[in-house]
Each structure stands twice: as C-alpha cells, then as structure tokens.
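A.B. asks: Provided below are the primary sequence and the corresponding predicted coordinates.
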Amino acid sequence: MKDLKNYIETNKDRFLQELFGLIRIPSISSGGKKEDMEACAEYLKKSLLEAGADKAEVMPTKGNPVVYAEKIIDPKLKTVLVYGHYDVMPADPLDLWTTPPFEPNIRDGKIYARGANDDKGQLFMHAKAFEFMVKTGQLPCNVKFMLEGEEEIGSPSLEAWCIEHKDMLKADVILVSDTSMIANDIPSITTGLRGLSYVEVEVVGPNKDLHSGLFGGAVANPANILAKMIADLLDENNRITIPGFYDDVIEISAEERAAMAKAPFSQKAYNEALDIAEEWGEKGFSTNERTGIRPSLDVNGIWSGYIGEGAKTVLPSVAKAKISMRLVPAQDHVKISELIKKHLESTAPKYVKVNVKPLHGGHAYVSPIDMPAYKAAEKAYEKVYNKTPIPVRSGGSIPIIATFDKVLGLKSILMGFGLEADAIHSPNESFELERFYKGIETIPYFYEAFAAE
C-alpha cells in the first residue's frame, strides 16, 4: 500500500479529533437517551461520506438506528462488509473515573474514555483505513458498512433488520474489530466467541420491608435466600450445577488444548495485573481454557434492602440479581435460559417466591482458519507486525456474529486491536494511540490480500 504510513502520520491529529467528536456523544444503549443514539449515527454517516462512501444513510430499526454505507467500485469484485457498533456501556460508577468518561483524555500514550476501545475506537480505524484507500485510489474491492447501536444490549433489532435488507448486505465476508490481541507485540485473530444467556432473578419474601429485630429469625430474608441459591449454582469444583447445563458442551481434544497452550501467557503476570492472590475456576482447566473453551456463570449485579450510608435495620421484601452465562459452541442460549429458570423456580424454598426473566442472549461462533479471509488477515498482520498472528478463542461474546452466519450466510473475520488491560466495560476504559494507528495501518493490507485471493 503506497504512502500508507505517510498518510497516517500526516492526518493522525485529525483522525484523533474526529474520533474524540464521536466519543463525546454518550451513546449508551442501556437506559441512555434516544437523541444521543441518533446524533451518534448521524456523526458516523457524515464521517463515512467524507471518507469517500458513495452513499450513507441512517436507517431505522425497532430500536436504535443502523448506519449503512457503501462504496461499489465494480460489482464483479469482492465485497467486504464492515460491522461495528456505536453504542457503549453505561459509565457507572462515575466516581471511579480519573477524568470524565465522555471527555476523551490522553495520558501515558492512551485515550481514556468510554468507547475509546469498545467499539468506537476500533470501528473508527475502519473508517480511516477506508478513507486512505479511497483518497489514494488504492481501494481494491467493494466496501459496505453496517454500524449498529444495540450490541451492548444483545442486538435485539439487528436480526430483523438484516433479514429485511438481506440483498443490500450481500458480501463475501464480514470484517469486525471488536476483540483483543494477546499483547502489543503479539497479534492474534479471534477464531471463537462464547455465546451468552443473560437473566434477571427476583426473590420475593414478605409483602413489605420488615424490622430485622422484630422479624429477623422468624421470616425468611430474600437477600439471604438469593445469596444461598446463587452459591449453590456452582459445586466444589466450580462446575455449574444446573441439570442439563453441560449436555451440549463439546469437549475439546487433547491436541487442540495442546495447541492453545502454546499461546504466550503468564499466570503470575495475570494475577498481578488483577491484584489477585490466586486464580480461580473450573477444576482441570487452565485460565485460557476456562475463558475460551468452557462455559461459565457469573453474577453481574445483586441488590436488596438498604445500601445507603449508615445503618438501617431492615429485612428486605425483595432481592434481585443479574446473571450471565457464557456459552460454548453447540449450547443454545434459549435452552440454557429455560434450564436456569426451571432450576431456580423449582428448587426455591416455599417461604419465598422466585421469578427468572431472560433478558438477552446469543449463540457462540467459531471462525474457520482455512478460509481466504483468515489467510488475508494473517498476511495483513505479518506485514505490519512482522509476526504471524496466533489464533485464539475469546471468552467474550458478540451474539450478532452467529446471527450473521445464520441469516446472511456470511462468515466473519475478527481482527481485534484491543488488549484485556484496556478495561472495556469498566471505569477508565482506554485504547493506546499506537494500536489505534497500527489498526489503521493493518486494515488496508487485509483488503489488498483478500482482493488478491
């Protein structure tokens, strides 16, 4: 790619300011403002038109809009469909942020802001890589963009939108940057994503909050009961106890586990980075295996009673928790949601009522490493990093990726440039400037190699 590095160097400050404009829009899909979502979509539409798209539009869905854009240079050539999401997680708790979450701040060579990595920073790399190829006359194939505003809440509107616009979305592959690398100097391609089942559990006891002195010991406390029910969902080996949960789990061969073990990993460094004394998880598996090839169950939030300053001796009438279960290929998120619902409601003691409400979910995804797009991604990383990327299975979930496979018949290639240390979904989310610029540099080489396949 002629003049690629020079183009990035010449325009890098502008790239950054344009990204900052995108980040400043608080496009929170979970409880945010509709006008912020629409403003963010319009910002991206304008950015893609300025980058060289033939057309770009903000298209309605049942929820937040989708930004669609395209550049068709020759219908006979291959087409790459770029997917990303402009919605972000809530920034709470705000007091843990060093600087305001929607006011980008650069320190220690990193951008600190909500969405700096996930996914505004990463999707914006694609807009700028596209701009370079168009402006310099080096775009080797057709490009389409599909940027949604509901990924962080499970993409509830996108499947129907994709079905409605299936012809418009015809392509040869979907290109995604919403995942991570192993390390700054160790590129990797995500070949697997875990699925997700996300539920809310409610335990109801007495018909009102009670005095814990007058009623404590005589009336079941929903908070106590919920805590025990959750604790009982894992056994002494940290295996999930829900009947039927593991029925569809595919056991990975010893050969594949051995291949996974070759990826660079330091348990000591991992523990130190998280300030934990010892690792934890399902017995018989390594840390990378626990997050890559095994399912898991975690409480994402739990609340009940009085949690303000000082004391209030209350026996709460209701306790609630949000629970996510990460799933592996062949596990069906609808089935798993029904299994936990049935299990908790049937095992609840008679002195409380339990309600389980599925919120959202998605299937796991595995990307073949022998497809042309994977080979093209390998060549792109090799060109920029001088290293062959390592295939890894991520512990995270992007539920819509499996839907693309089912609805559009398209495989996705996951070229991520984040790091686990970027603290996505947490306070002080960050994204290194070097990786932002290297992403812009790497992506055009993917197009070059894929078009030549």
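C.D. replies: Structure received.
A.B. asks: which helices and strands sit right next to the one helix or strand in the chain whose mean pLDDT sits lowest?
C.D. replies: Using mean pLDDT, DSSP states H and E, helix 254-260 stands out as the lowest-scoring helix or strand of the chain, at a mean of 85. Packed against helix 254-260, as judged by 3 or more Cβ pairs under 8 Å, 6 or more residues apart in numbering; DSSP states H and E, are the following elements: helix 287-292. The C-beta positions use only the backbone N, C-alpha and C, and glycine is treated the same way.
A.B. asks: Quickly run through the sheet partners of the following helix or strand past the helix it packs on, with directions.
C.D. replies: Heading C-terminal from helix 287-292, the first helix or strand you meet, by DSSP states H and E, is strand 296-304. Strand partners for strand 296-304, identified by DSSP bridges, are recorded as strand 318-327 (antiparallel).
A.B. asks: any idea which helix or strand comes after the strand it pairs with?
C.D. replies: Per DSSP H and E, the first helix or strand lying C-terminal to strand 318-327 is helix 333-347.
A.B. asks: before we move on, the earlier item: can you show me the CA trace of the next helix or strand along the chain from the least confident helix or strand of the chain as CSV?
C.D. replies: Using DSSP H and E, the helix or strand that follows helix 254-260 in sequence is helix 267-274. Taking Å, rounded to 0.1, in the frame of the first residue of the first chain, the C-alpha atoms of helix 267-274 are listed here in CSV:
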residue,chain,number,x,y,z
GLN,A,267,-0.4,-16.7,35.2
LYS,A,268,1.8,-14.7,37.5
ALA,A,269,1.5,-11.6,35.4
TYR,A,270,-2.2,-12.2,35.0
ASN,A,271,-2.7,-12.4,38.8
GLU,A,272,-0.6,-9.4,39.5
ALA,A,273,-2.4,-7.2,36.9
LEU,A,274,-5.7,-8.0,38.6
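A.B. asks: Report the distance from helix 267-274 to the chain centre.
C.D. replies: A distance of 22 Å separates the centroid of the chain from that of helix 267-274, by Cα atoms, centre = their mean, to the nearest Å.
A.B. asks: How is the protein divided into domains?
C.D. replies: Following the assignment in automatic domain parsing, the chain carries domains at 4-193+364-452, 195-249+295-362.
A.B. asks: Packed most tightly, which of those would that be?
C.D. replies: Comparing these on average neighbours per residue, with mean count of other Cβ atoms under 10 Å, the densest one is domain 4-193+364-452 at a mean of 20.
A.B. asks: Report the rounded mean pLDDT for that domain.
C.D. replies: Summarised as a single mean, pLDDT over domain 4-193+364-452 is 97.
A.B. asks: For it, measure first residue to last.
C.D. replies: The stretch domain 4-193+364-452 measures 18 Å between its terminal residues, going by Cα to Cα, to the nearest Å.
A.B. asks: swap in stretch 275-294?
C.D. replies: The first and final residues of stretch 275-294 sit 24 Å from each other (Cα to Cα).
A.B. asks: list the buried ones in that stretch?
C.D. replies: Along stretch 275-294, these residues count as buried under the neighbour rule (16 or more other Cβ atoms under 10 Å): E282, F285, S286, N288, E289, R290, T291, G292, I293, R294.
A.B. asks: Quick check: the nearest residue to I163 once chain neighbours are set aside vs S155, distance?
C.D. replies: Using Cβ to Cβ, 6 or more residues apart in numbering and skipping residues adjacent in sequence, the residue nearest I163 is V407, 5.8 Å away. Relative to S155, V407 is positioned 11 Å away (Cβ to Cβ, to the nearest Å).
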